[in-house]
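Enquirer: Compute the structure for the input listed below.
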Amino acid sequence: MPEKILESFEIRRLEILDPKGEVDESLMPSLSADEIKKMYELLILSRTFDQRAIDLQREGRLGTYASILGQEATQVGSAFTIKKSDWIFPSFREMGVYMTLGYPIHQLYQYWAGDERGLKAPKDLNIFPICVPIGTQMLHAAGAAMAAKYKRDPIAVITYFGDGATSEGDFHEAFNMAGVFKLPVVFICQNNHWAISLPRERQTAAKTLAQKAYAYGFEGIQLDGNDIFAVYKGTKDAIEKARRGEGPVFIECVTYRMSSHTTADDATRYRSKEEVEMWKLKDPILRLKLFMERKGLWTEPYQKEIEERSRQIIDEAVKVAESVEPPHPEDMFTYTYAKPTFRQLKQMEDF
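Expert: Numbering: from 1, shown residues only. Got it, this is the predicted structure:
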C-alpha cells in the first residue's frame with residue numbers, strides 16, 4: 001500500500017501597516033478617520049499609563065509592575081473588536097486591553113498598589129480579574145466558552161497570554177477542549193519573544209506558535225503584533241467566526257517586550273542592547289503616527305493635545321487611586337467564600 005498524506009496545513013501571517021507607515025490597501029480594514037484617531041489616542045494613553053506605573057513603582061507607591069511597553073498595538077487593536085457581551089480572561093500584562101474596554105483606570109493603579117478591590121469589574125464589563133499564574137486563565141476561558149455553547153449564547157470568549165504560557169500544560173488542555181468541542185473561544189498570544197529570561201527559540205522547536213492550533217483541530221494565524229491594523233482585522237475575523245459557532249482560533253501576535261519582564265527584573269542581564277534597538281524601529285505607535293501623517297490625520301498640535309489629555313487622565317486616576325480608603329483586613333475572610341468555612345472562622349478568631 002502506498003503512503004498517504006493524512007493532513008497538511010499552512011500558516012498565514014497577516015501584515016498591513018509596515019514600520020514606514022505604508023499600508024497594503026487590499027488588506028486594509030474598514031475604519032473611519034475617527035476610529036483610527038481613537039486607536040492612536042488609546043495607544044498614547046496606554047503608554048502614558050505604563051510609564052507612570054513604572055515611575056510610581058520606583059517611588060514605592062506601587063508594587064511589582066509588568067510593563068506593556070512595545071505591546072500596545074496588540075492590546076488596543078484586539079480589544080477594539082470586543083463587544084460588551086463578550087467575555088475576556090486576561091493574564092497580567094493587558095493594561096491596554098482594560099483601558100480600551102473602558103475599565104476605570106484608577107482601579108488598575110489600585111490593583112498594582114496591592115488593593116485587590118481594583119479588580120472589581122464594572123457591571124457592564126465581562127472581564128475577569130488579572131491572572132498571575134501562567135496559563136490557568138486559558139482553562140477558565142474554555143470553560144466559559146463551553147457554557148456559552150450550551151446556552152446557545154452568540155458571544156465570543158477571548159483570552160490573552162504570553163509565549164511562555166504555550167509551554168504550560170494548561171495551554172494544551174485548553175486547546176484540546178476547545179478543539180474537541182468546537183468552542184467559541186479566541187486565544188490571543190502576545191509573543192513578545194521572552195518568557196522572563198528564556199528566549200522564544202528555547203521554548204519550542206516549532207517555526208511558529210500559531211501552528212500548534214492545528215494539532216488540536218482548529219485554525220492558527222500569525223499577525224504582526226506591532227501592526228494595529230493587522231491585529232484589528234485578524235482579531236475581528238476570529239471573533240466573528242467564534243460568534244457564528246464555527247469554532248476557536250489561535251492568534252499569535254508577534255511583538256516585543258521593550259521593558260524588563262517586571263520591575264523586579266533586569267533584562268540587560270540576558271538580552272543585548274542591539275536587539276532592543278532593532279525593535280525600537282518597529283514601534284507600534286511610531287508606525288501608526290507615520291500612517292496618520294500621510295493621511296492628514298496627525299499634526300504637532302494634535303499630538304501635544306492628546307499627550308496633555310492623557311497626562312491629565314492619568315494624573316486624575318492616580319489621585320483617585322491614592323485617595324481611596326484602605327481595605328479592611330477582615331475583607332480577606334469575608335469575601336473568600338459565600339459562607340465562611342470552619343477554618344476561616346478559626347483564622348478570623350485568631351486574627
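
Enquirer: all contacts plus neighbour counts: C-alpha atoms, from now on.
Expert: OK.

Enquirer: isn't residue 333 right next to residue 342, touching?
Expert: No. Using CA atoms under 8 Å, residue 333 makes no contact with residue 342, being 11.4 Å away.

Enquirer: Can you pick out the residue with more neighbours from these two?
Expert: Shown here are residue 333 and residue 342; by other CA atoms under 10 Å, residue 333 has more neighbours (15 against 9).

Enquirer: any idea which helix is longest in this protein?
Expert: The helix that spans the most residues within the chain, counting by DSSP state H, is helix 33-58.

Enquirer: following it, which helix or strand shows up next?
Expert: Per DSSP states H and E, the first helix or strand lying C-terminal to helix 33-58 is helix 72-79.

Enquirer: how distant is the helix or strand following that following helix from the center of its chain?
Expert: Past helix 72-79, further along toward the C-terminus, the next helix or strand under DSSP H and E is strand 87-89. Averaging C-alpha positions (CA atoms, centre = their mean, to the nearest Å) puts strand 87-89 10 Å from its chain's average.

Enquirer: Show me what whichever helix or strand comes after strand 87-89 is packed against.
Expert: Note on strand 87-89: by DSSP H and E, the next helix or strand toward the C-terminus is helix 95-100. Packing partners of helix 95-100 (3 or more CA pairs under 8 Å, 6 or more residues apart in numbering; DSSP states H and E): helix 33-58, helix 72-79.

Enquirer: Show the subsequent helix or strand relative to helix 95-100.
Expert: Using DSSP H and E, the helix or strand that follows helix 95-100 in sequence is helix 105-112.

Enquirer: which helices and strands does the helix or strand just after that following helix pack with?
Expert: The helix or strand immediately downstream of helix 105-112 is helix 136-151, counting by DSSP H and E. In terms of contacts (3+ CA pairs under 8 Å, 6+ apart), helix 136-151 is packed against strand 87-89, strand 157-162, helix 169-181, strand 185-191.

Enquirer: please redo it, this time with the cut-off set to 7 Å
Expert: For helix 136-151, the elements it packs on are strand 157-162, helix 169-181, judged by 3 or more CA pairs under 7 Å, 6 or more residues apart in numbering; DSSP states H and E.

Enquirer: Could you figure out how far it is turned away from strand 157-162?
Expert: Per axes from the mean of the first three to the mean of the last three CA atoms, to 10 degrees, the angle that helix 136-151 makes with strand 157-162 is 170 degrees.

Enquirer: returning to what we had before: now, of the helices and strands packed on helix 136-151, which is deepest in the fold?
Expert: Each of the helices and strands packed on helix 136-151 was scored by mean neighbour count; the highest is strand 157-162, a mean of 26, by mean count of other CA atoms under 10 Å.

Enquirer: could you give the mean pLDDT of it?
Expert: The average pLDDT within strand 157-162 is 98.

Enquirer: That one pairs with which strands, parallel or anti?
Expert: Its sheet considered, strand 157-162 pairs with strand 87-89 (parallel), strand 185-191 (parallel) by DSSP bridges.

Enquirer: That strand vs helix 169-181, what angle?
Expert: Here strand 157-162 points in a direction 150 degrees away from that of helix 169-181 (the same axes, to 10 degrees).

Enquirer: returning to that earlier point: okay, the helices and strands packed on helix 95-100, which one's buried deepest?
Expert: helix 72-79 (a mean of 29).

Enquirer: Could you list every helix and strand in contact with it?
Expert: Where contact means 3+ CA pairs under 7 Å, 6+ apart, helix 72-79 is packed against helix 33-58, helix 95-100, helix 228-243.

Enquirer: Of these, which is nearest residue 323?
Expert: Nearest to residue 323, of all the helices and strands packed on helix 72-79, is helix 33-58, at 14.9 Å by CA to CA.

Enquirer: The closest one packs against which elements?
Expert: Using 3+ CA pairs under 7 Å, 6+ apart, helix 33-58 is in contact with helix 72-79, helix 300-323.

Enquirer: buried set for stretch 303-322?
Expert: 306-307, 310-311, 313-314, 317-318, 321 (16 or more other CA atoms under 10 Å).

Enquirer: State the mean pLDDT of it.
Expert: Stretch 303-322 comes out at a mean pLDDT of 98.

Enquirer: Just the C-alphas of it, formatted as PDB.
Expert: Taking C-alpha atoms only, stretch 303-322 is exported to PDB below (Å, rounded to 0.1, in the frame of the first residue of the first chain):
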ATOM      1  CA  GLN A 303       0.000  65.300  19.300                       C
ATOM      2  CA  LYS A 304       0.500  67.800  22.100                       C
ATOM      3  CA  GLU A 305      -3.200  67.900  22.800                       C
ATOM      4  CA  ILE A 306      -3.600  64.100  23.200                       C
ATOM      5  CA  GLU A 307      -0.400  63.800  25.200                       C
ATOM      6  CA  GLU A 308      -1.600  66.500  27.600                       C
ATOM      7  CA  ARG A 309      -5.100  65.000  27.800                       C
ATOM      8  CA  SER A 310      -3.500  61.600  28.500                       C
ATOM      9  CA  ARG A 311      -1.400  63.100  31.300                       C
ATOM     10  CA  GLN A 312      -4.500  64.700  32.800                       C
ATOM     11  CA  ILE A 313      -6.400  61.500  32.700                       C
ATOM     12  CA  ILE A 314      -3.600  59.600  34.300                       C
ATOM     13  CA  ASP A 315      -2.900  62.300  36.900                       C
ATOM     14  CA  GLU A 316      -6.600  62.100  38.000                       C
ATOM     15  CA  ALA A 317      -6.600  58.300  38.100                       C
ATOM     16  CA  VAL A 318      -3.500  58.300  40.400                       C
ATOM     17  CA  LYS A 319      -5.100  60.900  42.600                       C
ATOM     18  CA  VAL A 320      -8.300  58.900  42.900                       C
ATOM     19  CA  ALA A 321      -6.500  55.600  43.500                       C
ATOM     20  CA  GLU A 322      -4.400  57.100  46.300                       C
END
